[in-house]
Structures are given as C-alpha cells and as structure tokens.
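**Student:** sequence and predicted structure, then a few things I'm wondering about:
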Amino acid sequence: MKLIIAFIKPFKLQEVGDALKAVGVSGMSVSDISGFGRQAGQKEVYRGAEYEVDFVPKVRLEVLVPDDLVSPVVEAIEESARTGEIGDGKIAVVSLDNVVRIRTGERGADAV
Amino acid sequence: MKLIIAFIKPFKLQEVGDALKAVGVSGMSVSDISGFGRQAGQKEVYRGAEYEVDFVPKVRLEVLVPDDLVSPVVEAIEESARTGEIGDGKIAVVSLDNVVRIRTGERGADAV
Amino acid sequence: MKLIIAFIKPFKLQEVGDALKAVGVSGMSVSDISGFGRQAGQKEVYRGAEYEVDFVPKVRLEVLVPDDLVSPVVEAIEESARTGEIGDGKIAVVSLDNVVRIRTGERGADAV
Amino acid sequence: MRRLLLKKARRKLITGSVLAMVMLTVLASPALAQEELAPATQFILDNLWVFIAGVLVFFMQAGFALVEAGLTRSKNVANIMMKNLMDMAAGVLAFALVGFAIGFGGNELLGGWFGFGWFIPGIEDTVAEGLLPSTFFFFQAAFAATAATIVSGAMAERTKFKSYFIYSFFITALIYPVVLRWTWGGGWLAQLEVPFSDFAGSTIVHATGGWAALMGAIILGPRLGRFTKDGRPRAIPGHSMPFVVIGALILFVGWFGFNPGSELIADEFVMQIATKTLLAGCAGAVVAMLTNWSRAGKPDVSMAANGLLAGLVAVTAPVGAVETWAAVVIGATGGLIVIFSVAFFDKLKIDDPVGAISVHGVAGTFGTLSISLFARYDDAFLGRENAGLFYGGGLGQLWTQLMFVVVHFLFVTITAGALFLAIKATLGLRVSEAEERAGLDVEEHGSPGYGHDPGLPTSLSTTVPGSGA
Amino acid sequence: MRRLLLKKARRKLITGSVLAMVMLTVLASPALAQEELAPATQFILDNLWVFIAGVLVFFMQAGFALVEAGLTRSKNVANIMMKNLMDMAAGVLAFALVGFAIGFGGNELLGGWFGFGWFIPGIEDTVAEGLLPSTFFFFQAAFAATAATIVSGAMAERTKFKSYFIYSFFITALIYPVVLRWTWGGGWLAQLEVPFSDFAGSTIVHATGGWAALMGAIILGPRLGRFTKDGRPRAIPGHSMPFVVIGALILFVGWFGFNPGSELIADEFVMQIATKTLLAGCAGAVVAMLTNWSRAGKPDVSMAANGLLAGLVAVTAPVGAVETWAAVVIGATGGLIVIFSVAFFDKLKIDDPVGAISVHGVAGTFGTLSISLFARYDDAFLGRENAGLFYGGGLGQLWTQLMFVVVHFLFVTITAGALFLAIKATLGLRVSEAEERAGLDVEEHGSPGYGHDPGLPTSLSTTVPGSGA
Amino acid sequence: MRRLLLKKARRKLITGSVLAMVMLTVLASPALAQEELAPATQFILDNLWVFIAGVLVFFMQAGFALVEAGLTRSKNVANIMMKNLMDMAAGVLAFALVGFAIGFGGNELLGGWFGFGWFIPGIEDTVAEGLLPSTFFFFQAAFAATAATIVSGAMAERTKFKSYFIYSFFITALIYPVVLRWTWGGGWLAQLEVPFSDFAGSTIVHATGGWAALMGAIILGPRLGRFTKDGRPRAIPGHSMPFVVIGALILFVGWFGFNPGSELIADEFVMQIATKTLLAGCAGAVVAMLTNWSRAGKPDVSMAANGLLAGLVAVTAPVGAVETWAAVVIGATGGLIVIFSVAFFDKLKIDDPVGAISVHGVAGTFGTLSISLFARYDDAFLGRENAGLFYGGGLGQLWTQLMFVVVHFLFVTITAGALFLAIKATLGLRVSEAEERAGLDVEEHGSPGYGHDPGLPTSLSTTVPGSGA
Ligand SMILES: Nc1ncnc2c1ncn2[C@@H]1O[C@H](COP(=O)(O)OP(=O)(O)O)[C@@H](O)[C@H]1O
Ligand SMILES: Nc1ncnc2c1ncn2[C@@H]1O[C@H](COP(=O)(O)OP(=O)(O)O)[C@@H](O)[C@H]1O
Ligand SMILES: Nc1ncnc2c1ncn2[C@@H]1O[C@H](COP(=O)(O)OP(=O)(O)O)[C@@H](O)[C@H]1O
C-alpha cells in the first residue's frame, strides 16, 4: 500500500481526476495549498502600487493505492498534470504500514 | 513513531477527538479537504437547474503516535468515525524516521 | 528522498521560509490547519458570554528534500520556528520511495 | 382616533383658506375658475411626506435582513435572507387583502373589538380629508411588514421555511391587525377615559414582533449546541459583524421615517420627533456599549448595535410626548435594559440569536410605559399636556399604559403561540437535526448561500476573501 | 407630450393664484413689494419631489451592483462592481454631453425622428413652467444610468472592461436618447392617433437595457463551463445570496422614486402609483417563488428576488393607468413569466448569469402590453379613460402598444448589436480563456476583489469568515 | 451669517403673505379664526426638506463604514465597523451637549472667536423664522458625525478602540464646533471685508476630518509591513472591493442631502446644486480611473471609488457659486488630484489605508480654493456675483480663501495633533504588535468579525463563500 501525494496546478485537477479513473482509481482527497518554488508568484497592482505575491495557489492530491497501481498512477498524474511550464509541481510516493476503510473495517488493498 | 492519517466525516470530528483523548492522545492536526470516492456528491438546484457536486467535504486528521499506540488509536478512530454508511473514509498508517518537538527539541516518542 | 512535515505557528512562516532558503531549499508547500494540543485555544467573548476556542490556528509545511539535507532542514525549521512557548509545534520526517518533478519527469533527488 | 379628529380639524382650516383664496383669485384671473380642482399644496405635502416616510420604513427590511444574517451562521445566510424577503412580500399582500380592513375598516364586530373588510377600502379615491387611502395604506403596510419581520431573527437557523412563510401570512393578516384596531384604529384602548398612548408603535409594532418572537423561540427550542449538556450557554458567533453594523445603520436611517412619519402630517413637530429619535438611538448605543464593556471586559460590536436599536425602539412610543432631554434618558435606559435582558433570556435557555425579544419586546414595552413618567406634551393620543407623573399628571396614565402592555402581551403571546403550535402540529415548525447541522441553505433552498463551482473543490471554485486568483 | 401640456395647464392655475395672492398681500404689507420673486411653494414642491425621486433612482445603482455581484463568482466581484460604478459615471457624463439634448432638445432632424443638441439645454435657468431643466435632467440622468447598468449583469464574468466601458458611453449618448425622443420626448410614438403609453419606462428604460443585454449575451457567448459538451446547462452558482437579496431590496426601495417620480409633479396620484408599485412587486416575488418551488422542488432565493424585480418592471408602464387590483395581477404575471423566461434562455444557450434579459426585457415588454388590456385611467399618455380592452377601449391601444414594443425591440437589438459587433471587431469584446479562468479581478484590475496579504498564504493573510484570529 | 440674514428676509415675505392671506380668509370663513396657528406650508417645506437632507447625510455613515472596511483587512473588520458606529453615536451626543452651542450659540467669548453654551439652545421651540432649532440641529449633527468619522479610515487597523472613542468625543465637542463658529456660525471669517465661502463644507467638514486624519496617521505611524525595511511601500490590499464600491455609492447618494440640503431652504437652487454635485462626482470617477489606468497599467477599483468621492468633496464648497460646466471641471480636477495625492503620502510613508487624507483633506482644500477662480453666482456667502477670477472678480476672493484654508489647516492640525499626543501620552494610541498581528477584532472586541463555531476548526464551522454545505 502506498500513499501518492501530488502538488499540481489547480486548473489541471479535473484532467488528473479523469486520468486516475482511467487507470482504475476512483477515490482521492484534495486540498488547496500555497506553493513556493521556482515559479514566481504573479505581480499585482493595488491603488497604484505594484506588489509581488510570494506564493502560487496549488492543489494537493492524496491517493491511496495498492502497490501494483503505483507506477500507472504516477504516470497518469505526470501526463495529465504536465503543461511543460515551470510550476507543474511534484509527485511523492510514501509507503504505508496499513490502510483501513472505516465503514467496513477492511484492511490493506481491499480498503482502497 | 508513526503518523496516522485519517479522512472522516466532518461532523464526526468531535467524537473522534474524544475517543483519541480516551486512549491518551491529546494532540492532532486537522484540516478540511474535498473528498472524491464512492460516495456521490449531493444534488443541488440553483435557479431551476439541478446540478451535481462532484466532491464531498471531509476532514483530514494527522496524529503523531508512538508505535505502541498505533493499534489503539486506529481502532479508536475506526469506531468513533464509523456510521456504517458509505463515505465514512479511510485511515492510513505511515512510518516516521523521526519526530521533533520544536519547543524543547525532544526527539522521538517524547516529542509527541 | 524524505518528506519533512512541520506544524508551526503561523506568524513564524516567513522566518522559516528564509531559514530554508539559507540551507538551500527553495521550495515548499504550505497549508493552514487547526491544531489541537497542549496549547489551549484562546478565550473569546461574544454578546456577553465567554467561550473557549478548542483549536489553535497553525501552519503545515511540507518540504521534499534529498537525504543529505534532512538534518540541516530539520534544524533550520527547529531554530527558526521556536519561540520557547507552548504551541511551537512538531516536525516529522517521512521516507519516500520516490519523487517526481512533473514538468521534466525527473526522478529522485533531481526532482526537488 | 383623536389623531384623526385632530387632522380633520386642521384640514378644515386649510381647505377653508384655499376656498377663500380661490374666491379672491377668481376675480384676479378668469382662468382660475376651477382652481378648487387643484388640491391644496399642504394636502399634497402631508401625503407626500408620509409616503416618503413609508419608503424609509420599507428600507428597514434591508436592515433587518442584514442584522439577522450577520448574527447567524453562513450556512443559513440564504435562508434568513429569503425569510426577510418573503415575510415582507407575503405580509404586504396579506395586509392588503384583509389586514388593513380589519385594522382600520368600518364594519365593526363584537362592539368594536374586531372588524372586518375586504381589500383596501377606498384605495382608488383621489380626494380625502387628511391622508389619502393609498398614502395611509402604504405607510401602514410598511409598519405591518416590520412587525412581521422582527420574528425571523429569533427563530433563525432552525425553522422550516414553509412554516415560517405561513406564519408570516397570518400575523400580518390577523394578529397585528387586531392590535391595530384596538389602538390606532380607534378601538377600545383609544376610547378609554384616560386613553393609551403609543405614538409610533413601541408596543403596537415592535413588541408585537418581539412577543411573537418570544413564543417562536420558546416553541422551537434552542439551536443544536447553543447550550451545553450541563446547561451553560455556549456562544454561536454570528458570521458577519459588518452585516450587523450596516444593518443597524440602515434601521437607524429608516427610523427617521418610522417615528417622524407617524406624525401623519407635515408639520413643525416632525423635525423635533426626528431629533429626539436621533438622540435616543445614540444614547442607547453608547450606554449599551459601556455597560457591556464593564460587564464582559470588552466592548462587543453586536451589543452596541443592539443598544442603538433598543434606544430607538424605546423612544418610539414616547417620542411625541416627551421633551428632548427625556428622550435621551429613555434611549439610554433602553440601551441599558437590552444588555441585561439578553443575559436574562440566555439564563432561561431561550435562544434568540439576534436579541429580537430584548430589543423589540422588552425595550418596546419599557418605552411604552415611560410615557406615564415623562409625558409633557399632548401627542394627540394623550389628549392633554403634562400627563406624565414627573409633570404632575398623576398615576392615571400609568394604569392605562400598564393595562395596554399587559393586554397586548397576553393577546400576542396567546394568538402567536397558538399559531406556532398549530403549525408545529401540522407541518412541523423545526427542521431535522441533520438539516440543521448541514445548514438550511442547501436543504431548504437547494444550494448554498455562498455558492461555489460544483465541479471543483470549494477552495478552487471561488476566490474566498484572501485566496487571490 | 400630453403630459407636458397638462403640466403647463396646472402651472397656469398655480402661478395665476400666486399673482392674485400677491396683489392682495401687497396691500397688506409694503414689505411684500417683490413677493413675486418668491416662487410658488407648489412649484418648489414639484421640483423637490422629482429631485428626491431621482435620488432614489440613483440609489438603485447600488442595488444593481449587489444583485449582479451576488449572482456571479467571487473571482469577478471587483470587476462587476467596477462596471456598475463606471457605467453610471460615464453614462451620466455622456447623457449630459449629448444624450439629454438628443432626447429632449429642440432642434429636430429627419422630421422629429432624431434630434441634436449640445450639453444640457437651459441648465442654468432658475425659472420655468413645470420642472426646472436641472430637475428634469437630474431625474432623466438617473433613468439613463439605469438603462445602461442593466446590461452589465448579462455580460458578466467574461467581458473586457475597456470594451464595456466604451459600450456604456454609447448607449447613454446615442441609443437610449433616440428611444427617448420617439417617446417621452414627444416624438412620433407620442403623436400617433392612438398614442403609446409607457408611464415610467417598462420598455423605454428596462427593455432598452434588457434587449441590449440580450445582444451582448448572444455576441459574447456563454461563460466557460456554463453548458456541458453535450449542451446541457450547468449551473454556476452565484457567490453571495445576501448580496442578491439586499440588492433586490434596494432596487425595491429605489422603485418608489422610479414610478411615483415619473408623475413629474407632486400631486395626489403619486401615492397611488406607489401603492400599485408596492403590491405588484410583492405579488411578483410570491408568485415567482411558488412557481419555481413547484417546478424545481425547492424555493430558490435568487428566483424569488428576480420575481420581485419582474413584478416591479412589469407594473412600471401600466402603473399610471390601471386600478390597484390590476397592478397585483400584472405584477403576479411578471413573476410567473420570469421563471419560464429564464428557463427558455437557458434552453437557447444564451447565458445570462443574473436573469437581466428576462426581468427587464421580457417582463418589461409584457408590462407595456398589459396597458392595452387593463388601462382604466388616463395616465396623461393615453389621453382618454377606459382605453383598456377589458374596459371597452377596443383594440386600438393594443395595436399601438404592439407596434411600440416591436419597433423598440428592432431598434435596440439592431443598434446595440451593431455596437457590440463593432467593438468585437476592433478592441475585442471577450477576455481570453486563461483570464476568464483566473478571474477578471486580477487580470483586468490588478488585484483580487477579496484581497489578501501578499506575503502570506491566503489563509494566513486574512480572517476569512470563520477563520478566527 | 449673510445666509441667515438672507433667510430672514425671505421669511418675512412669506410670513407676511400668510398674515395677509389670513386677514382675508378670516372674512371668508369664521372657522378660520385661528388660521395663523397653522404655519405656512413653505415654512414646513423648508424644514422638512432640510431634515430629509439630514437623513441622507446620516446614511453616509453606512457608506464610510463600508468603504473603510473594504479597504482594510478582515481581521479588523468588526473594529472598523464599531468605530464608525460609535464615533457617530458619541459624536452626536457630544455635539448636542456642547458642540452645537459652541458653534451656533449666542454667548460669545474672546470677541466672537469662541463661544459657549449648554445643550441645544431652543430645541423645544416650534415657531421660528427660517429653520426650527430641531431642524437645524439635526442637519448640523449629521455634518458633525461626518467630520468625525472621516478619521477612522486613516487610523484603521492599529488604533486602540478606547483611544479612538475618546478622540471622537473631543473632535465633535470642541474642535469642529470652533471651526463652525468661525464660519457658518457667522464668526470672523464671515465678517471679513471679502467674506469666505464654503457652501457645504469642503473645508469646514471634509478637510477638518482630513487634516485630523493626517495628524492621526502621522502620530500612529504606518501599519506593520506597510513599508519594507528599505522603505519601499508594500501594498496591503483591502479585503472587500464590493464593500468599497457599495460604500462609495451610498456616499454618492448621501451627497444629494449634503450639498443641496446646505441651501437650508427649499428653493429653485436646490436642484441645480444637485445636478452640479452629480456631474462633479461622475467626472471625478472617470478622470481618476483613466489617470490611474495610464499610470499603473490597469484601472484600479478602489481608486475609481476614491475619484468619485474626491469629485464630490471638491465641488462641495463651490457648488453654490459656480456654473454647471465649472462643476464638471472642478470634479474632474478633484479626481485627478486624488491619484497623485495618494502616491505622495505613500512617498512620505504616511499610511492612510483608505485615502481619507487625499480625498477629504487635499481635494476638499482644492475645492475651497476653486471658488476664487470659478465663482459666478452669489452663493449667499460671497455676497456678490462674479467673484471668481475668471469672471473678473479679481484676487480678493483668492486671498480670503487662501487665508481660510491655511488658518483652518493650522487650527485643525495643531488641536487634533495635541489631542492625539495627549491620548498617546496617557492611554496610548496604538495597539501592541502582537495585537496588530492577531487583528483588532478578537483583541479589542472579544471575537472575530467573521465569526465561527468555536467547537470546530474554522472550515467546518462556517460555510465560507464557496465551501458549500
Ligand atoms: N522542495 C519542495 N517541497 C515541497 N513542495 C515543493 C517543493 N518544491 C516545489 N514544491 C511544490 O511544487 C510546486 C511547483 O514547484 P516549482 O519549483 O515552482 O516548479 P517545478 O516543479 O516545475 O520546478 C510549488 O509551488 C510547491 O507547491
Ligand atoms: N483512494 C483514495 N485515496 C485517498 N483518499 C480516498 C481514497 N478513496 C477514498 N478516499 C477518501 O475517503 C472518503 C470516503 O471514501 P468513499 O469511497 O466515498 O467511501 P468509503 O470509504 O466508505 O468507501 C473520500 O471522500 C475521500 O476523501
Ligand atoms: N500528536 C500530535 N499529532 C499531530 N499533531 C500534533 C500532535 N501534537 C501536537 N500537534 C500539533 O502541534 C501543535 C502544537 O502542539 P502543542 O502540544 O500545543 O504544543 P507543543 O508542541 O509546544 O507541546 C498542535 O497545535 C498541533 O497542530
């Protein structure tokens, strides 16, 4: 069991979601974050004064997957989230000791 | 040292919090997320047109625990968060290399 | 490759960010969370009635780092985030199987 | 009643003088033969002023909506807005259909204790002594809508929309109109040896809303989580103080139609009434803020707003009869009362999210009684000068005012209570626990009051304050 | 036209009588030698009332801004506010510069079908029969600003600010003024054998905005994601129902300047017009809510608000001519129509986020036609009593009203359409996809409408509702 | 002063004519014996109009509150609302207690440079020449509240509530009233050979607030993070542009009471003043928007709103004396000035979150000076026609206006500065760093302005815009 964490561009969420479904992953948990990185925040102007927004809004995905699905899922996210421009984001893969589905008490792969 | 991540139904938060205290875990970090899964989002209607909300609001818990507390904590969450209906959510257990309490610099189990 | 997760006091974010840059980490992902722990929430009063706010607003950092940077980064966060008062927060270190930079497809250390 | 007589009198003078003027002007220019066709300017001015005052009172609907929305949670914001919108719309129609005729129509039943009629009597008339039927209806409809809308705040966050909608029809169609008939309609309270006085409706309008709100809050019970299991009150902070303050300021502005407009003609007293209203409201705000500050350690924003309103409600009845300094005292006392009243209802575990019972019921009743102490002038209800105890007017007025507020309290609590219980027994009055937890906006009206793009997680679908692009 | 004659008549009486009064008063007191300098009180009252009505109409700008902001997404909230602010500012200047002179100025072209003039004719005059030029301009400018601002809602969330700004200049400088000249300006529609009637502008003002909005929405095309690939409508919920309801209540209040002010003098009909306006609006809200409730299963808040406005728009034309009961029927029908009209334009894939086309175009046109059925009184446009079919007035008025609304529809859609197409061909009318996705606030105006501290992540930089300290 | 004389004059005519009319009407109908009791309609109309204008001015309080809240951060939203509410409430009481008597009361001190009195002189009178004391107080109190509330914006987000509350009492009790006595109170500036002119208070009201705001902002110092260590200005965006624009539109509406009401009678000039006010405001908005657009590359919403207000402030003094075209020029210049003024104070590191100093102080002073160029009519202050340089009036008026604004600037900055320094030395003026960071809502008033359910994390306790159920 693995937990795949990805930071992507917000407007890519729907595409990524579809790509995940395509490889057989129906569930995910999404939250929005403020990203700091190579991509600079945009310049804004307010009452005549320019200012820099330090962060860039990003979306954070968490996907619980059985081991065999790790590479398909990583690739699915990679392809669907890529624009080729700076700021596309990162994917991280974490090993899990265990996963539980609360409703049924199922453990491990069945829990996802 | 483990990190226990759980996605639960928002209105269960207080019960889960109490259950955790009962097994001796006083701390946790909570954020809210948008959940996608088997549970379908609800139908809403606006200006006469029905529409489907794709996601379901969920709460994300993070609990840092010493190894010996892992199973009691997992069970505590399981029981207190279960409604038996679809959408109850998931629990994941992650191994940690280390934990630090910033205030004291304590490491490992003492840090929690 | 490691993922360093830290829960800190919101107003320390900028200092921590600078400290991270100083040790050569340019990127991070930030979200805000509600913290429960030893630090009690503040008392507020509304329409003549006092009440307790159970949680304390905190900031959650995620930093992807190559193994060699783990201890410098942990120390950087520790020092920059510490006030010495209760509620300073926690740092957790998680091992990663892999990291991907979406834009380039780079894997591992190069991806950060 | 007296008021009408009085107006009649003044009218005669005016019209008389016009006739005279005409007689003379005729000689001056033949083209003026039908001058009497043109109504006297004073007549137009009276009607125009009362109409403009009515517009200001209707504007108060926005004030109520904002105050109530601000003091409740955002998951119910669309619902509270909808209730404020629809209790006005339905209430005005109900009042036009039967309410106005019950309150002011001719055909009496039960020896004047009740009346009946259909639609707005004489609404098409364009000639009248005093006010035109259309002017008078417009102004009274604004008052009826006010009485109705007060209740929504106290019943907020847990009442079924359908049930509330039906309630609002009945209170403006039946309950409030009967109060009108007994009082401004010239009924028994106006015909007493020592007649009642309630210049602009501290009791007739505000306490009617306030006491109906009391019954509603009691019958509904408190919101989930408003009181801990061991019975201590637990604050549920409102979601927008800016809404509360802006709403209160709009109500403050509307009050300059509410009180001065109740003079029902354009004369030299209008401006004095306005000044007394102004000073009473400001005194209420300052005293409420200071009292709450000294009790709770910090100056609470919504209590200061409640204090402003309590001062205004308190002075609404006596404003025509008291001197300016007394208006300040009465307003200040209103502001003082509201702080303790809110705490009192908390103790009784009666959950009134916006303080409507205290502001409109308690402060309104106090204001009505204050006349018997401070009355110096004849406000055309009292029929005499120096009716106040402090001016040697004796206790007579106090008895009348006491009877007035007691009878009114009983009538409103009994009828409104019966209405709410009847609705509860049939349609049900309160939403389900699940619905209350989820919020009434989605459950009752189909979508959230603060909408979002359904295809995306919240945070991505809207720029919440601060989330940038 | 007739209206002007009529006013002239009344004036003569007044001024006549004043002179007479003076003659006499002179004898009474030598100090009164130059009494004729003091203008007649009725003259001042007429002007003052129309001016105050104009202020109420200008207040509607805030109402439009709130309704439109509430029914759109928060990432575009500053943009829609800015459009509402600037179409008024630019519109009023454009109307002062040429619009007013085109609509009401003397020098006729093409035999009265068009006119021209520069700045506000006679603006410095302080003596007049009837209304002063300043009074009349002030009131008319408020109407022009209303016609212009209606369009912003239908074109919301996707129109370039610059392009919208230019549009708003032209509609108030040229398109709307020509409609004025043909109608209230006394042009050909007023000179017909059976003259048109549109008392306060259901068609002249509201439908002008509504039909221009229709062309704007068509030429722009729907917002991204408003319709699914397979063409089903997909709701994009507005971000603030409290804004929608408060905005609607402000418009409701403003309408008591819009309709009664259109009497253009202070007389005994003003209050009746107000009462009919009140009842029509309330009937519209109730009927729209119930209709939508029965169709969609739940009472939608924004549709109830649309219903209130549709009732008000519908009664705006007939309010001077119909009886009170008829105003209720017309308002209720307006509320009914708006529900089906909104669904209809959804079907046509014409994306109108706020329902402006249905409320102002469709309900306004209906209201204008309703005169030919319900007209009982002479509203000074009809020139006769009982012009309505139901009162035996025959079909004459129906033909005129039909021609009126058809010609108006063609003129506005063609000219506004040409204007939008010209802008589209030159500056472009619509923002880029990326900009639309990111929101117009940041892209068009430089920073978000709900601002945040740039140095911190959103959540830390502002206390969003509920995030505490 | 002159104004009062003038009014007296007109009055005599009116009352005279009434008496005459009475004499005659008496013969015509015995019932009219006490006709002289009924006051003249014109007298009522004058008072009623000025009162209604006062109501519009009080409505501006809501506008100020919204603009200031919108241009600051949400963690301070309840605090800024509270300041706006309480400076009005406390200010009106302070003005009633001593301020009004100082400004307009009889007993002079220091040869008319100062005066004193207690409570509102003659407030119970119901007969008067010109305006009733109650009318005049009501209108003046609205102005005093305006002067006081301007300051809260410039001192926002860092001032202790208690200290601000005390300040607001003193400015309305002492500082502003002395300015009144020197000017509208008929003091030395009105008695000059070439008397000053400030028709509706560009300087007397707005610049008083603006210059007090300047001292407050300087003595407080900038907000944390407003300027970088190396001294570059760093924007702290306001949290709600919709609040800013709606607030500006409410102020715009209130100005139609502020300027036309300052005519202090109902006459034929009221409507012209309104038209000039309208055009000046619109010109200010358009010019400010275009100027800012060309400088910053994008049209800023809050600067456009500032421009509208600057145009209105600028025309407030000259509106009675200039021709319509000149009002447009003056308003446009006001809009131009505000852009550069805001940038200027940024350079000086004077932190004014809302631009109050620029809008009210700078544009107000400009407007007052503009009279000496454009004055064409006698606004009853000038006492002569063509006083403007462009009309051959010479430099006399310029010297007076210059002296007026300089003396005023010195008096206000010195007294307000002393007041703020005294408060700073005693109670302290500014909150602690920690409090400023956490936000004033929780620290000063006990709970957040956008409240949340204390038992749950933010996000779960309220439906923030967009978070759905
Ligand atoms: N070291 C890191 N740790 C955690 N998150 C990171 C890190 N570096 C980047 N990110 C996340 O990835 C996003 C994109 O990274 P960025 O460096 O801007 O572009 P790219 O990934 O294309 O090089 C950032 O906004 C941030 O959310
Ligand atoms: N594969 C997954 N990865 C991450 N989170 C998931 C995954 N599947 C479900 N979730 C989370 O669990 C919640 C409940 O899952 P769902 O499938 O709806 O019901 P159940 O867990 O009862 O089967 C989802 O809303 C989502 O937040
Ligand atoms: N066991 C835990 N699991 C997850 N997060 C925790 C845990 N304990 C504390 N935290 C986080 O750390 C923050 C600070 O912890 P707290 O106990 O209040 O102070 P300290 O860390 O100084 O002892 C909490 O608000 C919470 O966000």
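**Tutor:** Happy to help now that I have it. Residues are numbered from 1 along each chain as shown, chains lettered A, B, ... in the order given. Ligands and ions are numbered 1, 2, ... in the order given.
**Student:** on the three-state scheme, the residue in chain A that ligand 3 sits nearest to is what?
**Tutor:** Proximity of chain A to ligand 3 (CB to the nearest ligand atom) peaks at residue A:31, 15.6 Å away. All C-beta atoms are positioned from the backbone trio N, CA, C, and that covers glycine. Assigned by DSSP: H, G, I helix; E, B strand; the rest coil, the conformation of residue A:31 is strand.
**Student:** ok, residue A:50 next?
**Tutor:** Look at residue A:50: counting by three-state DSSP, its state is strand.
**Student:** what count of nearby residues applies to it?
**Tutor:** Residues contacting residue A:50 under the criterion other CB atoms under 10 Å in any protein chain shown number 16.
**Student:** OK, contacts around it?
**Tutor:** A:43-44, F:235, F:296 (CB atoms under 8 Å, 6 or more residues apart in numbering or on different chains).
**Student:** still on that earlier bit, would you mind measuring from the residue of chain A closest to ligand 3 to chain F?
**Tutor:** To chain F, residue A:31 is 10 Å away according to CB to the nearest CB, to the nearest Å.
**Student:** check contacts around that residue.
**Tutor:** Going by CB under 8 Å, 6+ apart, residue A:31 touches A:59-60, B:31-34, B:60, C:31, D:457, D:459.
**Student:** what's residue D:324 in contact with, if anything?
**Tutor:** Residue D:324 neighbours (CB under 8 Å, 6+ apart): D:272, D:275-276, D:279, F:119-120, F:123-124, F:134.
**Student:** swap in residue D:352?
**Tutor:** D:153-154, D:213-214, D:217, D:342, D:345, D:358.
**Student:** nearest residue to it other than its sequence neighbours?
**Tutor:** Spatially, and ignoring its direct neighbours in sequence, residue D:352 is nearest to residue D:154 (4.4 Å; CB to CB, 6 or more residues apart in numbering or on different chains).
**Student:** might one say that the one you found is in contact with residue D:218?
**Tutor:** No: applying CB atoms under 8 Å, one finds residue D:154 not in contact with residue D:218, separated by 9.6 Å.
**Student:** identify the farthest-apart pair in the contacts of residue D:324.
**Tutor:** Greatest spatial distance among the contacts of residue D:324 (CB to CB): D:272 and F:119, at 14.2 Å.
**Student:** okay, these two: which has more neighbours?
**Tutor:** For the pair residue D:272 and residue F:119, the greater number of neighbours falls to residue D:272 (29 against 14), based on other CB under 10 Å.
**Student:** please tell me how far the more buried one sits from residue F:126.
**Tutor:** Here the criterion is CB to CB, to the nearest Å. By it, residue D:272 lies 7 Å from residue F:126.
**Student:** what touches both of those two?
**Tutor:** Joint contacts of residue D:272 and residue F:126 (CB under 8 Å, 6+ apart) are residue F:132.
**Student:** rewinding a little: who's more crowded, residue D:154 and residue D:218?
**Tutor:** Using other CB under 10 Å as the criterion, residue D:154 and residue D:218 rank with residue D:154 on top: 31 against 20.
**Student:** quick one: residues contacting that one.
**Tutor:** Going by CB under 8 Å, 6+ apart, residue D:154 touches D:213-214, D:216-217, D:352-354, D:356-357.
**Student:** now, which of those residues sits nearest residue F:421?
**Tutor:** Closest approach to residue F:421 among the contacts of residue D:154 (CB to CB): residue D:354, at 41.1 Å.
**Student:** so what's the residue count around that closest one?
**Tutor:** When neighbours are defined as other CB under 10 Å, residue D:354 has 31 of them.
**Student:** quick one: it from residue D:342, how far?
**Tutor:** Taken as CB to CB, the span from residue D:354 to residue D:342 is 10 Å.
**Student:** closest to residue F:300 out of the contacts of residue D:352?
**Tutor:** Residue F:300 lies nearest to residue D:153 out of the contacts of residue D:352, by CB to CB, at 37.8 Å.
**Student:** tell me the residues on chain A that lie near chain C, please.
**Tutor:** With CB under 8 Å from any CB of the partner chain as the criterion, chain A meets chain C at residues A:2, A:5-8, A:31-38, A:55, A:58, A:60, A:70, A:74, A:77-78, A:81-95.
**Student:** before we move on, what about chain D?
**Tutor:** Counting by CB under 8 Å from any CB, chain D sits next to chain C at D:233-235, D:237, D:292, D:295-298, D:300, D:302-303, D:339, D:342-343, D:346, D:355.
**Student:** give me that answer again for 7 Å
**Tutor:** Applying CB under 7 Å from any CB of the partner chain, we find that chain D lies next to chain C at D:233-235, D:237, D:292, D:295-298, D:300, D:302-303, D:339, D:342-343, D:346.
**Student:** which one of those is nearest chain B?
**Tutor:** Checking the residues of chain D next to chain C against chain B with CB to the nearest CB, the nearest one is residue D:234 at 12.8 Å.
**Student:** pull out the buried residues from the helix ranked longest in chain A.
**Tutor:** As assigned by DSSP state H, the longest helix anywhere in chain A is helix A:70-81. Neighbour counts over helix A:70-81 (16 or more other CB atoms under 10 Å in any protein chain shown) mark A:70, A:72-74, A:76-78, A:80-81 as buried.
**Student:** grab the nearest non-local neighbour of the residue located most distally from the centre of chain A.
**Tutor:** Computed with CA atoms, centre = their mean, the residue of chain A farthest from its C-alpha average is residue A:48, at 36.5 Å. In space, and not counting its chain neighbours, residue A:48 is closest to residue F:296: 4.9 Å by CB to CB, 6+ apart.
**Student:** quick one: the residue nearest to residue D:352 from residue D:365, how far?
**Tutor:** For residue D:154 relative to residue D:365 (CB to CB), the value is 16 Å.
**Student:** likewise for residue D:104?
**Tutor:** Distance, residue D:104 to residue D:365, by CB to CB: 24 Å.
**Student:** report the contact partners of residue D:350.
**Tutor:** D:217-218 (CB atoms under 7 Å, 6 or more residues apart in numbering or on different chains).
**Student:** residue A:7: what secondary structure?
**Tutor:** Residue A:7 - assigned by three-state DSSP - is strand.
**Student:** picking that back up, and the longest helix of chain A, what does it pack against?
**Tutor:** Contact here means 3 or more CB pairs under 7 Å, 6 or more residues apart in numbering or on different chains; DSSP states H and E; on that basis helix A:70-81 packs against strand A:2-8, helix A:13-22, strand A:90-95.
**Student:** just the CA coordinates for it, please, in CSV.
**Tutor:** This file holds the C-alpha atoms of helix A:70-81, laid out as CSV (Å, rounded to 0.1, in the frame of the first residue of the first chain):
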residue,chain,number,x,y,z
VAL,A,70,1.8,2.9,-8.1
SER,A,71,3.5,3.3,-11.4
PRO,A,72,0.4,3.6,-13.6
VAL,A,73,-1.0,6.2,-11.1
VAL,A,74,2.3,8.2,-11.0
GLU,A,75,2.4,8.2,-14.8
ALA,A,76,-1.2,9.1,-15.1
ILE,A,77,-0.7,12.1,-12.9
GLU,A,78,2.5,13.1,-14.6
GLU,A,79,1.0,13.1,-18.0
SER,A,80,-2.3,14.7,-17.1
ALA,A,81,-0.8,17.4,-14.9
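**Student:** near ligand 1 at all, that helix?
**Tutor:** No: Helix A:70-81 stays clear of ligand 1 (CB under 6 Å from any ligand atom), getting no nearer than 10.3 Å.
**Student:** neighbours of residue A:38, how many?
**Tutor:** Residue A:38, neighbours per other CB under 10 Å, totals 11.
**Student:** does chain E sit close to stretch A:8-16?
**Tutor:** Yes: looking at stretch A:8-16 against chain E by CB under 7 Å from any CB, the contacts come from residue A:11.
**Student:** buried residues, that stretch. List them.
**Tutor:** Residues A:8-10, A:12-13, A:15-16 are the ones in stretch A:8-16 that count as buried (16+ other CB under 10 Å).
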